[in-house]
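K.L.:
build me a structure from this.
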Amino acid sequence: MDHLLPSLLHWMAVLTLVASAAVESVADEGDYSWARMKVPLVVDRQTVQLQNPKFSNPRDPGTVCGIECQRNLPEPGPAELEQLLSYETFFENGTRTLTKVVLEGLHNVRNISFPPPASPVGLKRKRRQVYGLDGRFVITDKHYITSYPFSASVKLSTGCSGILVSPRHVLTAAHCVHDGKDYLKGSRRLRVGVMKLRSKRGRGRGGKKGKQQETRPEVQDDAESTGEKRERKKGRKRKNRIRRSAVTSQSMFGGEQQESKQPGFRWTRVKQTYIPKGWMGEVGNELALDYDYSLLELKRSVRTKHMDLGVVPLIKRIPAARIHFSGFDNDHPGKVVYRFCSVSDESKDLMYQYCDAQQGSSGAGVYVRLGEPSRSTKGTRKWRRKVIGVFSGHRWVDVNGTQNDYNVAVRITPAKFAQICHWIHGDSSQCKLA
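P.N.:
So this is what the prediction gives:
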């Protein structure tokens, strides 16, 4: 019976993925499709050098300014919006700059009216992000975990998640690298891990570490002669050739070597980090979540399919009003955790929802799956996933004097899309349409 357990677990994982894919497909049925939307252009106006950051430990933001707090604030004008979209660039050598921007074509962006806030449901204050039964899907199959869309999810060395939005860029939450006042200590040598299938044979390239341990043993007899050392070294080389020959034979004849690859992280250093100035301000004594996003530029491109950015004005207009995201929750180390849920309330900048999550999932890319505007010659529709927000995490929000907890996502607005697109391409002319 024990020998059937691995096969049973494999098929359970497959059925779970099929069920989740079916739910996702049902959630996105209908005629709603990705619309081509005009966005403003973000143009760099001035860049100045800043003092090097001091680096700090993460701090608890406490109660944050959420949707209800936002509704009591005046809408930012063009000049204030330019200040919010100005940004800092933090480089891997520890230096940073501030770039001031101007917005062009802001009047072409259409305004969206949002419904009145939903009645809040008071919940007991607990330090958790799972509501009721745990509705998360833990992806354990190594072929699914390294396939799109799950492969687009990445892990940060600071413990957060993120999502690939280009071969060299990762979108994540700003609080994963900056606490609103200063950069976190972990951002100094920030790395991003992409899940890949890797061989368990040896360590390093070509098993160099194992070979080095064999050719340079820790304990040697000082009295042995040079000739004896040379003979022992030749003997070890012969054994290594025999092992390599056996491995090659297993691989050629369908041996277990082909099955030895297991999912693991391939880490890449971050070259520079972009953070909007809107994240580095507070509303009263509360941290504003509207700009809790950051873009990381990697030192080298990764050969993994990325997910494009998108803008959806109202999630509740989508059939089933569901969002999806995958991340690396701390209670399932080394596993991709996928979830989907409905949005309970939304504003121009934020989305409230009760997607089950745990620490480690913050910074994950929130996406929806919609149809392309045009159909094929056969009349069939092509579906496409796009990132429409960033998961900020579990937050306590002041609602009419009472604290309510939500899992909060930051929405990508047309202006934020223009800014992130400008960071990716460095040329705002490529960012005229979302």
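K.L.:
got a list of what the spatially closest residue to H169 that is not a sequence neighbour touches?
P.N.:
The shortest distance from H169 to any non-neighbouring residue, by C-beta to C-beta, 6 or more residues apart in numbering, is to I424 (5.2 Å). (Glycine included, C-beta is placed from N, CA and C.) Applying C-beta atoms under 8 Å, 6 or more residues apart in numbering to I424 gives the contacts V165, S166, H169, L295.
K.L.:
could I get the buried residue list for stretch 406-421?
P.N.:
406-421 (16 or more other C-beta atoms under 10 Å).
K.L.:
cool, and stretch 136-144?
P.N.:
R136, F137, I139, T140, D141, K142, Y144.
K.L.:
ok, back up a step: can you lay out the contacts of I424 as a markdown table showing secondary structure and neighbour count?
P.N.:
Converted to a markdown table, the contacts of I424 look like this (DSSP: H, G, I helix; E, B strand; the rest coil; neighbours: other C-beta atoms under 10 Å):
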| residue | secondary structure | neighbour count |
| --- | --- | --- |
| V165 | strand | 24 |
| S166 | strand | 20 |
| H169 | strand | 21 |
| L295 | strand | 25 |
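K.L.:
strands of the stretch 51-200 of the chain, start to end?
P.N.:
63-65, 87-91, 96-104, 137-139, 153-156, 161-166, 169-172, 191-198 (DSSP state E, counting those that start in this stretch).
K.L.:
stretch 34-47 spans what distance, first to last residue?
P.N.:
Start to finish, the residues bounding stretch 34-47 are 35 Å apart (C-alpha to C-alpha, to the nearest Å).
K.L.:
now do stretch 176-193
P.N.:
When the termini of stretch 176-193 are compared using C-alpha to C-alpha, they are 15 Å apart.
K.L.:
and the contacts of that stretch?
P.N.:
53-59, 61, 90, 92, 94, 96, 154-160, 162, 170, 174, 265-270, 273, 275, 279-282, 287, 294, 296, 298, 362-363.
K.L.:
turn the strands of the stretch 51-200 of the chain into CSV, columns for distance to L314 and mean pLDDT.
P.N.:
Below are the strands of the stretch 51-200 of the chain laid out as CSV (distance: least, C-beta to C-beta, whole Å; pLDDT from 0 to 100):
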stretch, distance to L314, mean pLDDT
strand 63-65, 21, 71
strand 87-91, 27, 96
strand 96-104, 23, 94
strand 137-139, 26, 88
strand 153-156, 25, 96
strand 161-166, 22, 97
strand 169-172, 21, 98
strand 191-198, 32, 90
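K.L.:
of all the ones you listed, which one comes closest to Q46?
P.N.:
Of all these, the one in closest proximity to Q46, counting by C-beta to C-beta, is strand 96-104 (4.7 Å).
K.L.:
buried residues, the closest one. List them.
P.N.:
Buried residues in strand 96-104, counted by 16+ other C-beta under 10 Å: R96, T99, V101, V102, L103.
K.L.:
ok, so of those residues, who is nearest V336?
P.N.:
R96 (32.2 Å).
K.L.:
if we can go back for a sec, tell me which of the buried residues of stretch 406-421 fall in helices.
P.N.:
P414, A415, K416, F417, A418, Q419, I420, C421 (DSSP state H).
K.L.:
what pLDDT does L287 get?
P.N.:
pLDDT recorded at L287 is 68.
K.L.:
next: R59.
P.N.:
pLDDT for R59: 72.
K.L.:
before we move on, what about R385?
P.N.:
93.
K.L.:
ok, which pair from the buried residues of stretch 136-144 is furthest apart?
P.N.:
By the measure C-beta to C-beta, R136 and K142 form the most distant pair in these, at 18.7 Å.
K.L.:
show me where the stretch 301-434 of the chain has its strands.
P.N.:
Along the stretch 301-434 of the chain, counting by DSSP E, counting those that start in this stretch, strands occupy 322-327, 336-346, 350-353, 365-375, 381-399, 402-411.
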